[in-house]
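**Student:** sequence-free structure coming up:
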């Protein structure tokens, strides 16, 4: 099995002992992304729409580094602090996919890294 770390200079640096993503053969496993703007180092906060867009931009930058985009995504995991935000997160997230969105689950959790409101990871394949 081939196992290659993937790093994007446009996505936030890992805040722990993990890679932004690992490409194993033709499958890319992208670590959970939060709404950190790499160029400023700041969290995007203020509203859940902006926060979710930043998360999706971070995912896209990592996918792009591996020569992929959202059309390659087969599975996502969404973690939220408040399922009351689900409809807005779902609409924003959904705008990044075509007529065949990936499989996914959405889970409410009590806390996320840096006290963000949403974290999303994905699996993509070539």
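**Tutor:** Done, it's in. Keep in mind that this is a model prediction, so the values were computed, not measured.

**Student:** Show me which helix runs longest in this structure.
**Tutor:** Ranked by residue count under DSSP state H, the longest helix found in the chain is helix 48-65.

**Student:** which residues of the protein score low on pLDDT?
**Tutor:** Applying pLDDT under 70 to the chain flags no residue at all.

**Student:** now the helices for this protein?
**Tutor:** 48-65, 86-94.

**Student:** who touches residue 27 in this structure?
**Tutor:** The contact partners of residue 27, taken as C-beta atoms under 8 Å, 6 or more residues apart in numbering, are 123, 124, 125, 126. The C-beta positions use only the backbone N, C-alpha and C, and glycine is treated the same way.

**Student:** Please indicate which of these are buried?
**Tutor:** Buried members of the contacts of residue 27, counted by 16 or more other C-beta atoms under 10 Å: 123, 124.

**Student:** so of the contacts of residue 27, which ones are in strands?
**Tutor:** Those of the contacts of residue 27 mapping onto strands are 123, 124, 125, per DSSP state E.

**Student:** my read: the first one touches residue 29, true?
**Tutor:** Yes - using C-beta atoms under 8 Å as the test, residue 123 is close enough to residue 29 to be in contact (5.6 Å).

**Student:** and the longest helix of the chain, how far from the chain's centre?
**Tutor:** Helix 48-65 has its C-alpha centroid displaced from the chain centroid by 6 Å (C-alpha atoms, centre = their mean, to the nearest Å).

**Student:** just checking, what packs against that helix?
**Tutor:** Using 3 or more C-beta pairs under 8 Å, 6 or more residues apart in numbering; DSSP states H and E as the contact test, the elements touching helix 48-65 are strand 27-33, helix 86-94, strand 118-125.

**Student:** what's the spacing between the first one and its chain's center?
**Tutor:** Centre-to-centre, strand 27-33 and its host chain are 7 Å apart (C-alpha atoms, centre = their mean).

**Student:** Tell me which strands it pairs with, and in which orientation.
**Tutor:** Here strand 27-33 has these sheet partners by DSSP bridges: strand 21-24 (antiparallel), strand 118-125 (antiparallel).
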